[in-house]
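Enquirer: From the sequence below, what's the structure:
(one chain, ligands or ions: 1)
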Amino acid sequence: MAELIGQLQSDLGEAAVLTGEDVAARAVGWSNPASRVARAIVRPASTAELALAVRRCAAAKQPIVTYGGGTGLVNGTDTEASDILLSLERMNRIESVDADGSTMTVQAGAVLQAVQERAEAEGFAFALDLGARGSATVGGAIATNAGGNSVIRYGMMREQVLGLEAVLADGTVLSSMNRMLKNNAGYDLKQLFIGTEGTLGVVTRAVLRLRPQMRSVCSGLVGLDRFDAVPPLLRHLGSTSGGTLSAFEVMWQDFYRALAETGNHDLPLGPDHAYYALVEWQGGDADQDPARFEQALGEAIERDWIADAAIAASERQRQAFWHMRDDIDGLREVLGDIVMFDVSLPIAAAERYTGAVFERLEARWPGAFRGVTFGHLGDSNIHFMLTTGSTDSASHTEAMRVVYDELKPYGGSISAEHGIGTEKLPYLGVSRSPDEIAAMRRLKQAFDPGNILNPGKVLDGATAAT
Ligand SMILES: Cc1cc2nc3c(=O)[nH]c(=O)nc-3n(C[C@H](O)[C@H](O)[C@H](O)COP(=O)(O)OP(=O)(O)OC[C@H]3O[C@@H](n4cnc5c(N)ncnc54)[C@H](O)[C@@H]3O)c2cc1C
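Expert: Predicted coordinates:
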């Protein structure tokens, strides 16, 4: 095996291959500060170098785990001491912007925030946005088909990718760098690498779709006293905005009250509403849109859907609203050792579902259990941060079983946007049928017969039911 490392150092240069202390000096990722274990961290600077490294690993039957920004939340970049971690950190260039075609071509290690800022500087917007924007990479967002804050308007990462280039398990460079919105010439191969968490290939470059820059953004934080007002409010804002509703983020009362405990926020509404929604419109008329927004919220108050509302009067206030919604770090400090969940189910069932989950968890860990609930509810997506009062992994597993078990009556998904990784692997059968899992296995076998790409992620050991 020393032979492979030596070969990679000679192919890519010594600085591109980290070993020993240099590996241990790195953390596993955002959700795990433990020291990284791996045979080596390989950091190619180009597709050609990356393909060569994969070819060498394939010949040596060497497992590879691909790493973007390490912000994934399902242990997808975890490594064993015998793995090679393939980091895209040196492949972070924004290669070009095509203003006429509204596209941006990037290397997969480009950081999401850099992509957003470049799009903005060129007079466009890049539609994917999420709390980890400062570290998450385009490749990671593609591999996890990331969702985030604007899915209700623009869709998930899948909708932002027109073309991509990937290196297959045998080192073949598969270039599908399409730049058109329409292209039905045979199979759309890029889809194989979107949301498959690096198990079918390593994404090396992408053609991203840019959107028009909006001239106005109107944001409000509204308080609701009953859940059955949530779906009609969502429909109302969808139609009164003329289809430009870009965020509908719901925070349960437990979340809002925990925000108060962080001491990080000047909360604009009182703490007694059952639900809080951060709602946002984007529009093309900076003069008229704020008045239309205010009128729509006023109508919702008249119809008794909204009990109270605060409208952001400045960009600073808007950022303060988003900081509340995104303050996962602050909440982690308040709650202690948490398990994070990411599920989806039909919106109308959200209250019944969360109520049933909390009832069971409170009964199981009386006095110790605590949880907060929030999510991109406009996209049917709910997140929980839960603590059983213990760091014991057995209690975390038990809590997971409850959360996923309660999804079954609604046909919900154990992963709305974070993927499967290793964390959700034993529960895949809750949301996918045996036939679906068998088809996934056939794809994996076809694209990675030696099982060297992210082995043990997404599929290995997946059961048909829990
Ligand atoms: C504070 C916070 C907020 C978040 N909010 C959201 C949210 O709103 N919506 C959401 O969807 N996610 C969210 N996430 C999760 C995370 O940010 C996304 O999953 C993100 O897309 C991961 O990107 P990354 O570059 O960090 O990937 P990594 O964590 O490095 O990797 C994630 C997975 O992708 C694979 N991978 C990485 N790069 C490549 C590549 N080039 N080719 C093939 N496979 C690759 C890895 O092997 C791993 O399986 C959040 C995370 C944090 C920490």
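Enquirer: tell me the contacts of residue 30?
Expert: In this structure, residue 30 makes contact with 70-73, 132, 135, judged by Cβ atoms under 8 Å, 6 or more residues apart in numbering. Just so you know, the C-beta spots here come from the backbone N, C-alpha and C atoms, and that holds for glycine as well.
Enquirer: got a list of what the residue nearest to the spatial centre of the chain touches?
Expert: By Cα atoms, centre = their mean, the chain has its centre lying nearest to residue 146, at 3.7 Å. Counting by Cβ under 8 Å, 6+ apart, residue 146 touches 128, 130, 136, 140, 156-157, 417.
Enquirer: Return the closest of these with respect to the ligand.
Expert: Closest to the ligand out of these is residue 140 (2.1 Å), distances taken as Cβ to the nearest ligand atom.
Enquirer: remind me which residues of the chain are low pLDDT?
Expert: Within the chain, the ranges that satisfy pLDDT under 70 run 461-466.
Enquirer: Spell out which residues of it are next to the ligand.
Expert: By Cβ under 6 Å from any ligand atom, the part of the chain that sits against the ligand consists of 29-30, 65-73, 76-77, 88, 108, 130-132, 135-137, 139-141, 143-144, 146-148, 197-198, 202-203, 328, 417-418, 421, 454, 457.
Enquirer: Could you rerun that using 5 Å?
Expert: By the rule Cβ under 5 Å from any ligand atom, the part of the chain lying against the ligand is 30, 66-73, 76-77, 88, 108, 130-132, 136-137, 139-141, 143-144, 146-148, 197-198, 202-203, 328, 417.
Enquirer: which ones among the residues you listed are found in strands?
Expert: Those of the residues of the chain next to the ligand mapping onto strands are 66-67, 202-203, per DSSP state E.
Enquirer: Help me confirm that residue 22 is found in a helix?
Expert: Yes. Assessed by DSSP: H, G, I helix; E, B strand; the rest coil, residue 22 belongs to a helix.
Enquirer: Turn the ones in strands among the residues of the chain next to the ligand into JSON lines, columns for neighbour count.
Expert: JSON lines is the format used below for these (neighbours: other Cβ atoms under 10 Å):
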{"residue": "66", "neighbour count": "27"}
{"residue": "67", "neighbour count": "28"}
{"residue": "202", "neighbour count": "28"}
{"residue": "203", "neighbour count": "29"}
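Enquirer: And these, which two are furthest apart?
Expert: The most widely separated members of those, counting by Cβ to Cβ, are 67 and 203 (12.1 Å).
Enquirer: rewinding a little: can you pick the most crowded of the contacts of residue 30?
Expert: residue 72 (27 neighbours; other Cβ atoms under 10 Å).
Enquirer: residues contacting that one?
Expert: 29-31, 140, 144, 418-419, 421.
Enquirer: And the furthest pair within those residues?
Expert: 30 and 419 (14.3 Å).
Enquirer: how about the helices in the stretch 301-450 of the chain?
Expert: Along the stretch 301-450 of the chain, counting by DSSP state H, counting those that start in this stretch, helices occupy 315-325, 328-335, 350-364, 393-405, 428-431, 434-447.
Enquirer: With respect to residue 303, which of the ones you listed lies nearest?
Expert: It is, among these and with distance given as Cβ to Cβ, helix 350-364, at 19.0 Å.
Enquirer: Do I have it right that residue 407 meets residue 342?
Expert: No. Counting by Cβ atoms under 8 Å, residue 407 stays clear of residue 342, with 11.6 Å between them.
Enquirer: Tell me how many other residues surround residue 284.
Expert: By other Cβ under 10 Å, neighbour count at residue 284 equals 12.
Enquirer: so it touches residue 213, yeah?
Expert: No. In this structure, residue 284 is not within contact of residue 213 by Cβ under 8 Å, at 10.0 Å.
Enquirer: quick one, helices of the stretch 101-250 of the chain?
Expert: 112-121, 138-143, 151-154, 230-240.
Enquirer: Mind putting those helices into JSON lines with mean neighbour count?
Expert: Shown next, in JSON lines, are those (neighbours: other Cβ under 10 Å):
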{"stretch": "helix 112-121", "mean neighbour count": "17"}
{"stretch": "helix 138-143", "mean neighbour count": "30"}
{"stretch": "helix 151-154", "mean neighbour count": "22"}
{"stretch": "helix 230-240", "mean neighbour count": "18"}
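Enquirer: I'd like the ones you listed laid out as JSON lines, including distance to residue 207.
Expert: Converted to JSON lines, the helices of the stretch 101-250 of the chain look like this (distance: least, Cβ to Cβ, whole Å):
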{"stretch": "helix 112-121", "distance to residue 207": "12"}
{"stretch": "helix 138-143", "distance to residue 207": "11"}
{"stretch": "helix 151-154", "distance to residue 207": "16"}
{"stretch": "helix 230-240", "distance to residue 207": "30"}
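Enquirer: Just among the contacts of residue 72, which is most surrounded?
Expert: Among those, residue 140 has the most neighbours (other Cβ under 10 Å), with 30 neighbours.
Enquirer: show me what contacts it?
Expert: 68-69, 71-72, 146 are the contacts of residue 140 under Cβ under 8 Å, 6+ apart.
Enquirer: Could you measure from it over to residue 96?
Expert: 21 Å (Cβ to Cβ, to the nearest Å).
Enquirer: ditto for residue 17
Expert: The value you get for residue 17 to residue 96, if Cβ to Cβ is used, is 29 Å.
Enquirer: what sits in contact with each of residue 67 and residue 203?
Expert: With Cβ under 8 Å, 6+ apart, residue 67 and residue 203 have no common neighbours.
Enquirer: ok, and the closest non-adjacent residue to whichever residue of the stretch 251-400 of the chain sits closest to the ligand?
Expert: In the stretch 251-400 of the chain, no residue comes nearer to the ligand than residue 328, which is 4.7 Å away by Cβ to the nearest ligand atom. In space, and not counting its chain neighbours, residue 328 is closest to residue 131: 6.2 Å by Cβ to Cβ, 6 or more residues apart in numbering.
Enquirer: cool, and residue 153?
Expert: residue 246 (4.1 Å).
Enquirer: In contact with the one you found, which residues?
Expert: 149-150, 152-154, 217, 280-282.
Enquirer: rerun that using 10 Å as the cut-off
Expert: Contact analysis of residue 246 by Cβ atoms under 10 Å, 6 or more residues apart in numbering lists 127, 129, 149-154, 214, 217-219, 279-283, 378.
Enquirer: cool, residue 319 as well?
Expert: 219, 312, 326.
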